[in-house]
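Trainee: Build the 3D model from these lines:
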Amino acid sequence: MKVVILAGVLSVLASASMAQSWTAKGGRAVAPQSIAGDRSGGFEILCERGDWVMYEFAAYAPNGVNAPVRLEIDGVRYQAHFDFFGDGNEGIALSPQIIAAMKAGRTVKVQYASGTAGIDTTYTLRGSSKALGQVGARCG
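Mentor: Here you go, the predicted structure:
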């Protein structure tokens with residue numbers, strides 16, 4: 001009986017951890033929902049005309065174009081900023097160094113000002129290396 005219960009618990013834990021993994025689809029690397037901090041439905045990273053761009057699935061609005069963004073990947077801080085891309089969508093411009101750190105990292109914390117409040121949320125980077133590698137292969 002203990003073996004059956006333990007197997008059931010392990011199955012649930014394995015399913016939850018698998019659900020928290022990045023995917024690649026349609027030229028986009030898609031991160032799952034946040035694992036800590038402010039709630040977010042995740043984000044996607046794509047390459048637009050040779051630039052790496054991150055779009056969050058959240059109702060948070062930055063404080064304008066060029067508003068600073070701090071990314072912390074496994075305790076190392078990186079600076080980024082908001083900019084307009086593609087059809088006028090506002091996204092976070094990411095350097096190749098940030099992409100490389102994401103591919104090798106375990107977690108990324110995203111922080112920026114939104115209105116009078118600050119946004120502070122953390123995502124897993126599990127599966128990011130494969131997903132970003134697939135997007136990178138299409139990036140000019």
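
Trainee: Can you name the next helix or strand after the helix or strand bottoming out on mean pLDDT in the chain?
Mentor: Least confident helix or strand of the chain, by mean pLDDT, DSSP states H and E, is helix 2-19 with a mean of 41. Using DSSP states H and E, the helix or strand that follows helix 2-19 in sequence is strand 23-25.

Trainee: Give the partner strands of the helix or strand just after that following strand in its sheet and their orientations.
Mentor: Using DSSP H and E, the helix or strand that follows strand 23-25 in sequence is strand 28-31. Applying DSSP bridges to the sheet, strand 28-31 is found paired with strand 23-25 (antiparallel), strand 43-48 (antiparallel).

Trainee: What segments of the chain are helices?
Mentor: Counting by DSSP state H, one finds helices in the chain at the ranges 2-19, 96-104, 128-136.

Trainee: now the angle from the last one to strand 43-48?
Mentor: Using axes from the mean of the first three to the mean of the last three Cα atoms, to 10 degrees, the interaxial angle of helix 128-136 with respect to strand 43-48 works out to 30 degrees.

Trainee: list the contacts for the closest residue to residue 93 other than its chain neighbours?
Mentor: The spatial neighbour of residue 93 that comes closest, neighbours along the chain excluded (Cβ to Cβ, 6 or more residues apart in numbering), is residue 83 at 4.7 Å. C-betas here are computed from N, CA, C, even on glycine. By Cβ atoms under 8 Å, 6 or more residues apart in numbering, the contact set of residue 83 is 65-66, 90-93.

Trainee: cool, and residue 126?
Mentor: Residue 126 touches 17, 20-22, 106, counting by Cβ under 8 Å, 6+ apart.

Trainee: ok, of those residues, which come out buried?
Mentor: Neighbour-count burial (16 or more other Cβ atoms under 10 Å) is assigned, among these, to 21-22.

Trainee: any idea which of the contacts of residue 126 is closest to residue 138?
Mentor: residue 22 (15.9 Å; Cβ to Cβ).

Trainee: Of the contacts of residue 83, which pair is most distant in space?
Mentor: Of all the pairs that these form, the one spanning the most space (Cβ to Cβ) is 66 and 91, at 12.4 Å.
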